[in-house]
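A.B. asks: Make a model of this:
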Amino acid sequence: MSKYENLTGEALKQHLSNYLVDSWSYSSVSQFARNEKAFERQYIYCEKDTSGAAAVAGNAYHSALELFFRNMMEGKPLPDIIEMQQTAYEYIDRFPGNLWKLQKTTPTVDEAKQAAYKAVNVLIENFFKEQDVYLSDVAEVLFVEEKWEEWLSVNGVDIPLPCHLRIDVGFKLKDGRRVICDHKSVAAFTDDEEVALTRGRQCITYFLADLKRNGEKTDEVWFIENKRSINKDGSPQLKKCVIAMDADTQRLYEAMLYDNLRRMIQAVGDPDYVYTINDSDQLTDRAELYNFWTRTMIAEVDAFPNIPEGRKEMISKRLKKVRDSSLAMINPRVITAFRKKASSFIQFDYSTKDMTNAEKIEHVLRTFGKPVQVFKEIEGFSSTTYLLEVSAGVKISDIKRYMLDIAKALDVDFVRIPDRLSMYEGKAYLPIERSHPRTKDCLWDEKLLVDRKIPLGMDNFGNIIVWDLDNNSTPHLLDCGGTGSGKSVLIKSTIAYAEKLGMRIVIFDPKYEFTSFSGKHEVVQDIENIEQRMKELVAEMQNRKGQFLGYTLIIFDEFADAVASARSGKELDLYEEEEIGLTRDGRPKIQKILVGRDKSLEENLKMILQKGRSLGYRVLAATQRASVKVISGDAKVNFPVQVCFKVQKAVDSKVVLDEEGAETLIGKGDGLIKSPEYLDRTVRFQGFYKP
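C.D. replies: Predicted coordinates for the structure are as follows:
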């Protein structure tokens, strides 16, 4: 057992504060050994490398293989080639725009994506033709794409940082041997001798982690290479390189790993360590590396936004020392000039150019023959809107094709281009929205409440976004979003405004998130009580006989989960007992007779939505699950106001809003709303936050 693995809480936090990184992996050790400056950039400053079409295709191939082997492990039907291709395409489509590496053969993101589609098709077709390379000896799939974190001892030394691993797949063979397998997509096969020499650190890391985590010895490590280019001689496209983990091999590889690991741990434990550049490294873009190096000589820590909060203070001190020593010896104009020189060698990367974001948008679109001019730049809470004047003859749909290229130029994951134009000072413009970290809160203010128009937030143009309770076209609101997106904050803000209106408020809270409102308002939590109370509300509504007797706001949090767990089918059957005679000993013989069926929770909710609008019932229903089974077409008809905060996939956004976009939001109140109030146009806004 490692002496470090029992550290917890403050003791662990204090221990990790001595290091510039919080973990290690065989990849980080290899990167450190090959090019220390590239290691510093990737693992200390957390700057992600851009990936070309081949690399993205390789990762997409991994995601397709994960589907195949996970189904195999769980005893599900194995996916066909179409399903695997669709899984790979989804990965490629989700890949962030600013991380595509553009090259002369693929100068646009769209062309890079097409190249990735083509490459991954070849890889998947190769796998289907030659999958016996994997499966011929396999008896059982043990694990698939597992993430492990283990405190390891290497060469008899306890390593003071945990090891992070991601295991592609583990097998148990028919003869009982245990195998860890790593998928590789390659341009050319690697020689067996070279595999044994270059991948030893990876093998022993797998071996030690498997032994520590599962108490099992890995007998073999397989590297199965899938060649992207087709062999003209018809020879196999898949090649399996096997490394047997016998005792002598273990000792050799453990010594190889420890030598580089020890130097890396010493470096990250010394805040003054100078990381050197290896100009001979063929796997790293030298221009990008020199550009990074010059930034560390003149920039503040905020120039590196991916650094975790817990490490910012230590790295900030390191940067100050670097700046002080650099500027004491070198004129800052020389450093800036050198950086510009380095940037000039970075192909197709606008993020290094001394241009405003507006200029980058104009330039990248003009390179595709789409002349535009950014008329206005408006900074909002979580995004900046650029209003484009589009030249005559340029189709708006053509500009939307280049969304990822614009994102690449602005150095962000994605940009959003709404389906409709925006009006500004009486003129229509094409808006482009670029997300950015929120620097201020959109604070709740009771003065914004006018009549029965409940303020939900504010758009980038300073307009208050409202839910008008008096508008017969907007009686009910659907609120969707993942964890941390702002969904619950919107509910609490709405409740606070409804209190100011003196409304009766009923809160259905199956996840127990609104317990603090108990006593102040009616809060119903257990599913049986939710069913009963909804039934009572329906009866109350029907007893009003068309009379308006004041407003009732029904908050139904996680309504999808509640509906799924409520009674259904035969559970709703109603029985009465009837005496049908006597038993031999003279006791009454009782029989249950079906006399009817209760309405389900979903049916009662639908009655409130459809009939309650004219009687003062208003419903705000929220869910994390953007599924067509939950938010069907019929359901959306009953919720004319649709709010969607950040969701995971574009298809989730389509389910709620009938268009993509919510997957590009940054969370914490950054939302989209579609409402008859805004002519069914989707509007981006920042939700109000009530401290």
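A.B. asks: OK, contacts around Tyr134?
C.D. replies: 181, 224 (C-beta atoms under 8 Å, 6 or more residues apart in numbering). Where you see a C-beta, it was placed from the backbone N, CA and C, and this is true even at glycine.
A.B. asks: 7 Å instead, please
C.D. replies: Ile224 (C-beta atoms under 7 Å, 6 or more residues apart in numbering).
A.B. asks: Just the mean pLDDT for the one helix or strand it maps to, thanks.
C.D. replies: Assigned by DSSP states H and E, Tyr134 belongs to helix 132-135. For helix 132-135, the mean per-residue pLDDT is 96.
A.B. asks: gap between the closest residue to Phe381 other than its chain neighbours and Ile465?
C.D. replies: Nearest non-adjacent residue to Phe381, counting by C-beta to C-beta, 6 or more residues apart in numbering: Gln686, 3.7 Å away. Taking C-beta to C-beta, to the nearest Å as the measure, Gln686 falls 9 Å from Ile465.
A.B. asks: coming back round to it: from the middle of its chain, how far away would the helix holding Tyr134 be?
C.D. replies: 32 Å (C-alpha atoms, centre = their mean, to the nearest Å).
A.B. asks: what's stretch 157-164 in contact with?
C.D. replies: 2-4, 19, 21-25, 149-153, 205, 209, 258, 261, 265.
A.B. asks: Are any of these buried, and if so which?
C.D. replies: 2, 4, 19, 21-22, 24-25, 150-153, 205, 209, 258, 261, 265 (16 or more other C-beta atoms under 10 Å).
A.B. asks: Which of those fall in strands?
C.D. replies: Using DSSP state E, the subset of the buried ones among the contacts of stretch 157-164 located in strands is 150, 153.
A.B. asks: just the buried ones among the contacts of stretch 157-164 now: which is nearest Ile491?
C.D. replies: The nearest member of those to Ile491, counting by C-beta to C-beta, is Asp22 at 35.1 Å.
A.B. asks: Tell me the spacing between that closest one and Gln202.
C.D. replies: Counting by C-beta to C-beta, the gap from Asp22 to Gln202 is 21 Å.
A.B. asks: Is Asp354 part of a helix or strand, or is it coil?
C.D. replies: Using DSSP: H, G, I helix; E, B strand; the rest coil, the structure places Asp354 in coil.
A.B. asks: How many residues are close by it?
C.D. replies: Asp354 has 9 neighbours, counted by other C-beta atoms under 10 Å.
A.B. asks: Show the model's pLDDT score for it.
C.D. replies: What the model reports for Asp354 is a pLDDT of 74.
A.B. asks: mind checking how far it is from Ser422?
C.D. replies: 29 Å.
A.B. asks: Kindly report the same for Glu125.
C.D. replies: 45 Å.
A.B. asks: what about those two, which has more around it?
C.D. replies: Of the pair Glu125 and Ser422, Ser422 is the one with more neighbours under other C-beta under 10 Å, namely 21 against 16.
A.B. asks: Next, find the distance separating that one from Arg681.
C.D. replies: Applying C-beta to C-beta to Ser422 and Arg681 gives a distance of 9 Å.
A.B. asks: doesn't Leu620 fall inside a strand?
C.D. replies: Yes: assessed with three-state DSSP, Leu620 lies in a strand.
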